[in-house]
Each structure stands twice: as C-alpha cells, then as structure tokens.
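Peer 1: Next input, structure requested:
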Amino acid sequence: MNVNPRQIKLLNTVRAHNSVSIEQLAELLGVTLQTVRRDVQRLADEGLLARFHGGVRVPTSTIENIGYQQRKTLHAESKARIARAVAARVPNDCSLILNIGTTTEAIAKALMHHKGLRVITNNLNVASILSDNAACEVIVAGGSVRSRDRAIVGEATVDFIRQFKVDIALIGVSGIESDGTLRDFDLREVKVAQTIIAQAREVWLATDVSKFNRPAMIELATLSQIDCLFTDAEPPPPFPELLQQANVRCDYAS
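Peer 2: Next up is the predicted model:
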C-alpha cells in the first residue's frame, strides 16, 4: 500500500489521541467524512488502524509488527529526512553497525557518498545498498535469514557481532513506551540489537515520531543507553523530559 500524505497525517492524529471519532478526524484534518471513512477503511485493511463503532484507534497488538512492505512505505519521507540528518553527523573513516529496519535502510542510502566506512550489519538490504559504495567495506553477520525482511538473527549472529567494537551503532526500534523503554516484537532480533548496543562506543537511535507511545512486547533497551536520538519532530510528553533526564542528544530532522 502506498500511503499518501493525508493518510500519514491521519495516522499521526490517531496515534496522538490513541482513539478518535470519525467526525473529530474530519474536523482535525479539514476533510469530508466520506474522505475520512475511505482512508480509515484502507488503513484498517492494512492493519495500521483498528476500527470501532463511530471511530478508530491505534492497534493494540504487542506481539506482532506490521508487514515489512507496509513499514517500508509508511513515513518514507520522514525516514529520508532522518537518514539525511544521521548521514550529516557520521564522519568518514569510522566503523558502524546498522541493524534491522526500514529506517536503517534509508540511512544506508544516505551514506552512499561517505568514504572509508567499515559497516557491520545483520540486514541484507543494508548490505546490498552499501555494497554499491566502493569506498565502503561491508561485513555481513552470519545467522538465520528472516525471509520477510532479509534480516539476519539468532545466536550465531550474536556471537559474530561480539567480535567487534565499533565507533557508532545505528539502531531502529518498533516502539518506545512512556517509561522510557525501547521495545520490539521478535526475541531473536532483540538479542542481536542488545549485543549491538554493547559493542558500540556510541549508540544512535533513528526512529520517526510515530514510534513514541507504540507498545511492543519485548524490552530491548532504555533511553539511558542511547547517546543520540534522530527523529522527525519533537516527541509528545513525557518523552522530552525523559530524554533530558537520560542526557540524550536530540536531532529533530525537520
């Protein structure tokens, strides 16, 4: 599904309110009830929203992420802005680990003109993108390939990553809850991400603002383990205070 800017705004509005009526959405977005109903139906069919009588809410599943192709198109413009902001801060001639996610794939594209990078990744999409940069060395982790998104996970992946200590880990997450925990859906993926964090001198989190207040089942880390956050807008309360308490540097890629 190609999500248009109006539908992205609708999604962000619902996520900001958790649940909202169809009439309120039409008023907030300045569109007709017919347009809202049509957009809500499309987004609900794709699993991005859950409908109830007279309104719509954020899906409450904490055990399953939305599909890879949906995630790839959702907030694509925001991810591209975030990726450019990250790339502007990454120096040449440094070592990186990029993990699983559509945002890290956007970052890989933004790093195509960097020189002297040594990149370790458990994401075959990232490896495919950066292998076209002749001035970049790409090291692919071993392990089991997850067919739906070409992620490499498992104990072999964890053991492989433990061999390295890199300058910067660039990670994404599925959700950040209001207690400051970073969360995801797949235990094997989480174990790899935790190892990546442990093997990095600095940890940079890149995620669009829709991930704030999004629930997921498994704790990956806390904000106190993050050195820098790259997102597309200032997150809602209580996150600005939590980020300040955790001494996280913030880059709002607007």
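
Peer 1: hang on, residue 173 in a helix?
Peer 2: No - counting by DSSP: H, G, I helix; E, B strand; the rest coil, residue 173 is located in no helix; its state is coil.

Peer 1: what helix or strand is the nearest residue to it once chain neighbours are set aside on?
Peer 2: The spatial neighbour of residue 173 that comes closest, neighbours along the chain excluded (Cβ to Cβ, 6 or more residues apart in numbering), is residue 182 at 4.6 Å. The C-beta positions use only the backbone N, C-alpha and C, and glycine is treated the same way. Assessed by DSSP states H and E, residue 182 sits inside strand 181-184.

Peer 1: any idea which helix or strand comes after that strand?
Peer 2: Beyond strand 181-184 toward the C-terminal end (DSSP H and E), the next one is helix 187-198.

Peer 1: buried residues in that following helix?
Peer 2: 188, 189, 190, 191, 192, 193, 194, 195, 196, 197 (16 or more other Cβ atoms under 10 Å).

Peer 1: I figured the third one hits residue 184, correct?
Peer 2: Yes - Residue 190 is within contact range of residue 184, at 5.1 Å (criterion: Cβ atoms under 8 Å).

Peer 1: what do the two both touch?
Peer 2: 218, 220 (Cβ atoms under 8 Å, 6 or more residues apart in numbering).

Peer 1: and residue 45, what are its phi and psi?
Peer 2: Backbone dihedrals for residue 45, given as degrees, to the nearest 10, come out at phi -60, psi -30.

Peer 1: Wait, residue 250 touches residue 232, no?
Peer 2: No - using Cβ under 8 Å as the test, residue 250 is too far from residue 232 to be in contact (11.5 Å).

Peer 1: and these two? which has more neighbours close in?
Peer 2: residue 232 (22 against 15; other Cβ atoms under 10 Å).

Peer 1: which residues touch that one?
Peer 2: 75, 78, 79, 81, 82, 208, 209, 252, 253, 254.

Peer 1: Chain neighbours aside, what residue packs nearest to it?
Peer 2: Per Cβ to Cβ, 6+ apart, closest to residue 232 is residue 78, 4.0 Å.

Peer 1: what's the following helix or strand after the host helix or strand of the one you found?
Peer 2: When secondary structure is defined by DSSP H and E, residue 78 falls within helix 76-89. Tracing the chain past helix 76-89, the next element assigned as helix or strand by DSSP H and E is strand 95-98.

Peer 1: Could you list every helix and strand in contact with that following strand?
Peer 2: Of the remaining helices and strands, those touching strand 95-98 by 3 or more Cβ pairs under 8 Å, 6 or more residues apart in numbering; DSSP states H and E are helix 102-110, strand 117-121, strand 166-171.
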